[in-house]
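Asker: The sequence and its predicted three-dimensional model are supplied below.
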Amino acid sequence: MHYASLIEPLLTITRETGALIMEHYRTGDYTEYGKDDNTPVTSVDLAASDLLIHRLTHLIPGTPVLSEEAIQPWRKRRHWRRYWLIDPLDGTQEFISGSGDFAVSIALIENGIPVLGMIGWPTMDSVYFAVQGEGAFKVSADRDEKTPIHVRSFDDPKHDPITVALSRRQPESRVLSRLGTNRPVTLVYTGSCALKAALVAEGKADVFLRIGPTGEWDTGAAQVLVQEAGGVLLDEHFEPLTYNLTEHVGNPNFIVLGDPAVAWRDIFPKPDRSE
Ligand SMILES: Nc1ncnc2c1ncn2[C@@H]1O[C@H](COP(=O)(O)O)[C@@H](OP(=O)(O)O)[C@H]1O
Ligand SMILES: [Mg+2]
């Protein structure tokens, strides 16, 4: 399949979903519910999910969609070779709180590997995307220009300060206590896992360590984007994440790394397996 030909229609779909989300964000016209995992979901997550499933199903007929808000049973999913993996609204708590840090995240997975990723940031009117082997790009509000993005290259990989992206919703000590260096760090707080990964991809942050529960939809698009921008997204033991390999759709703790010249394994030493 020629993935690059999907980019233009996907940009339209991502913006359309972003516009739907923004309409409710501005008016506050939505309903909030609690999920089994004690995180919130809103009527907007569900509407965005329905819209994306409809559009993506038409984009590649016969290719199923796995949405955070519509998880299909394992007996069906286990046979999937190619599928869309989506988080219609990544950062629901940020949407509710009004911070503006929420994203539309769309990945195409082929044989367990994310091969295309698109992340829309509706409040910024910008979209990030990447196709495996074809680089990572950002389209800003002016819409026409696709600007290549790259992780930040350190002037001095051994000593330069490190910019760490952190969730607004987690105690910073959870990540900072893992630091195995006395180097100066700058902290950037952003909601949504996809957006924190995008910040690493465009060089506004150097690393993002996520400790705590997330789902495969939080990393699918981010993984291709970061990889194509020169970085990596791995589990906290520096091993690849898997997609649709088991019934469980949760991720292990993971880390997004920028400049490969930096000794990240010393800076964030692997935790004991028993931890
Ligand atoms: N208790 C929990 N269980 C599962 N996923 C959780 C979770 N708490 C946070 N997450 C994941 O972390 C994302 C938010 O990231 P951040 O904290 O960096 O803003 C959530 O995205 P959603 O808003 O799409 O559910 C969700 O996927
Ligand atoms: Mg979501």
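Answerer: Everything's here; your move. Ligands and ions are numbered 1, 2, ... in the order given.
Asker: ok, the closest residue to residue 13 other than its chain neighbours - contacts?
Answerer: Once flanking residues are discounted, residue 13 sits nearest to residue 55: 4.6 Å by C-beta to C-beta, 6 or more residues apart in numbering. Yep, even glycine has a C-beta here, placed from its N, CA and C like the rest. The contact partners of residue 55, by C-beta atoms under 8 Å, 6 or more residues apart in numbering, come to 13, 16, 17.
Asker: Assign residue 55 to helix, strand or coil.
Answerer: Under DSSP: H, G, I helix; E, B strand; the rest coil, residue 55 falls in the helix class.
Asker: Next, find the distance separating it from residue 39.
Answerer: With distances taken as C-beta to C-beta, to the nearest Å, residue 55 is found 25 Å from residue 39.
Asker: At which residues are the helices of the stretch 1-150 of the chain located?
Answerer: Here the stretch 1-150 of the chain has its helices, by DSSP state H, counting those that start in this stretch, at 7-27, 43-59, 74-77, 92-97.
Asker: got TSV for those helices, with mean pLDDT too?
Answerer: Formatted as TSV, the helices of the stretch 1-150 of the chain follow (pLDDT from 0 to 100):
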stretch	mean pLDDT
helix 7-27	98
helix 43-59	98
helix 74-77	98
helix 92-97	98
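Asker: Out of those helices, which is closest to ligand 1?
Answerer: Nearest to ligand 1 among these is helix 92-97 (3.6 Å), distances taken as C-beta to the nearest ligand atom.
Asker: Identify each buried residue in that closest one, please.
Answerer: 92, 93, 94, 95, 96 (16 or more other C-beta atoms under 10 Å).
Asker: Identify, from the residues you listed, the entry nearest to ligand 2.
Answerer: residue 92 (5.5 Å; C-beta to the ion).
Asker: where along the stretch 51-200 of the chain do the strands fall?
Answerer: Secondary structure of the stretch 51-200 of the chain (DSSP state E, counting those that start in this stretch): strands at 65-67, 82-90, 103-110, 113-121, 126-131, 136-139, 146-148, 162-166, 185-189.
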